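**Q** Next one to model:
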Amino acid sequence: MTTTIVAIFVFGLLVFFHELGHFAVAKFVGIKVYEFAIGMGPKVVHITKAETLYSIRALPIGGFVRMEGEDEESSTENSFSQKTVKERISVILAGPVMNFILGFLCFFLIFLSIGVPSTQISEVIKDSPAYNAGIQSDDHIQRIQGNQITSWEQLVGKISASKGEAMVLEVVRGDEKLYFEVNPEIDEDTGRAMIGIIPGSEISISGALVNSYHQTIFIFTEILNFLQQLIRGQADTANVAGPVGIISLVGEASRSGWIDVVGLAGLISINLGIMNLLPIPALDGSRIIFLILEGIRGKPINPEKEALVHMIGITLLMMLMMIITYKDILMFF
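**A** Alright, predicted model coming up:
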């Protein structure tokens, strides 16, 4: 029961941040927002403040921000349809952007808690080049070939760039400054030069920011690569999950601890942001495409035709969601 609650909470948080992006920018540019909803179906909890209804609905499978003039004709100044193309694009784009920000914040929280790899050595692998050279655990590597080393990534880069050639490491051990000549080995699997050391970790805000950025970019790139393979028919779709599958994955992660939950939430959030930017009817990406076309043409696309395209898109997405959900449910049997 606890894992299910955690999973639903995490899924709701992802949706909340996405819709919060739409909501915040809509209010900023002066659009009237009728409702800010988390979930679908009948309202479970709701409150009206100023002109907006805030609600939590029964089915934890999405959310929405209902704005004046978004799906209907409206000539009032505070309607979505009366705002400039740039303002409307910013409202639509804000949802996915918030997902990317949430993903980054998830990774930042993890790195800030467990630390980031440092240039101080935690362990030296027995019979490795570093071990044979005399390097010990707790040694602090300061320079390689006279070049100052300030991060683990920089250290790894220098070793990899050596291509197996001997290098001199300047190491601080207690109050001593020592020098060791190390002959890196080439790993047969990766083809990279290695010396056999495991880094320690340090709590660093700047380090956490840098590592969170790199992790966000890495996941972003991996998802784009998967989509590229999917288009080419080369991707393995066996592990594609819908809301039920995602809730199950988060539930499993919760058994391993909060770090796994937060890490998975970050990954899913970035994935959600990318998926929403795809030019698929009814998703944010397609709405942005229509707005760009409006900007190029100097006049909006026929509202009825656009609505029809989005309606077809919603229908197809719902059918796809039902198929994926059915597959998710079968995994439990």
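
**Q** Now do stretch 289-305: distance to the chain's middle.
**A** Here the centre of stretch 289-305 is set off from its chain's centre by 30 Å, with C-alpha atoms, centre = their mean, to the nearest Å.

**Q** and what of stretch 27-35?
**A** For stretch 27-35, the distance to the chain centre is 27 Å (C-alpha atoms, centre = their mean).

**Q** again with stretch 9-25
**A** 14 Å.

**Q** same deal with stretch 191-200?
**A** Distance, stretch centre to chain centre, for stretch 191-200: 28 Å (C-alpha atoms, centre = their mean).

**Q** Determine how far the last residue of it lies from the first.
**A** 24 Å (C-alpha to C-alpha, to the nearest Å).

**Q** For that stretch, buried residues please.
**A** Across stretch 191-200, burial judged by 16 or more other C-beta atoms under 10 Å covers 192-197, 199-200. Where C-beta positions appear, they are placed from N, C-alpha and C, glycine not excepted.

**Q** and of those residues, the nearest to K32?
**A** P199 (53.2 Å; C-beta to C-beta).

**Q** Run through this protein and note the low-pLDDT ranges.
**A** 1-2, 234-252, 254, 303, 310, 313-314, 317-333 (pLDDT under 70).

**Q** would you list every one of the helices in it?
**A** Ranges of helices in the chain, per DSSP state H, are 2-28, 85-114, 129-133, 152-161, 205-231, 243-254, 258-277, 284-297, 303-330.

**Q** how about a markdown table for those, with distance to E70 added?
**A** Shown next, in a markdown table, are those (distance: least, C-beta to C-beta, whole Å):
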| stretch | distance to E70 |
| --- | --- |
| helix 2-28 | 9 |
| helix 85-114 | 9 |
| helix 129-133 | 61 |
| helix 152-161 | 45 |
| helix 205-231 | 27 |
| helix 243-254 | 24 |
| helix 258-277 | 16 |
| helix 284-297 | 9 |
| helix 303-330 | 11 |
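
**Q** Of these, which is nearest K177?
**A** helix 129-133 (15.5 Å).

**Q** if you skip the residues just before and after it, what's nearest to the spatially most central residue of the chain?
**A** Geometric centre of the chain, nearest residue: I270, 2.6 Å, by C-alpha atoms, centre = their mean. Residue nearest to I270 in three dimensions, not counting chain neighbours: G103, with 3.9 Å by C-beta to C-beta, 6 or more residues apart in numbering.

**Q** Can you report how many residues neighbour the one you found?
**A** Look at G103: counted by other C-beta atoms under 10 Å, it has 27 neighbours.
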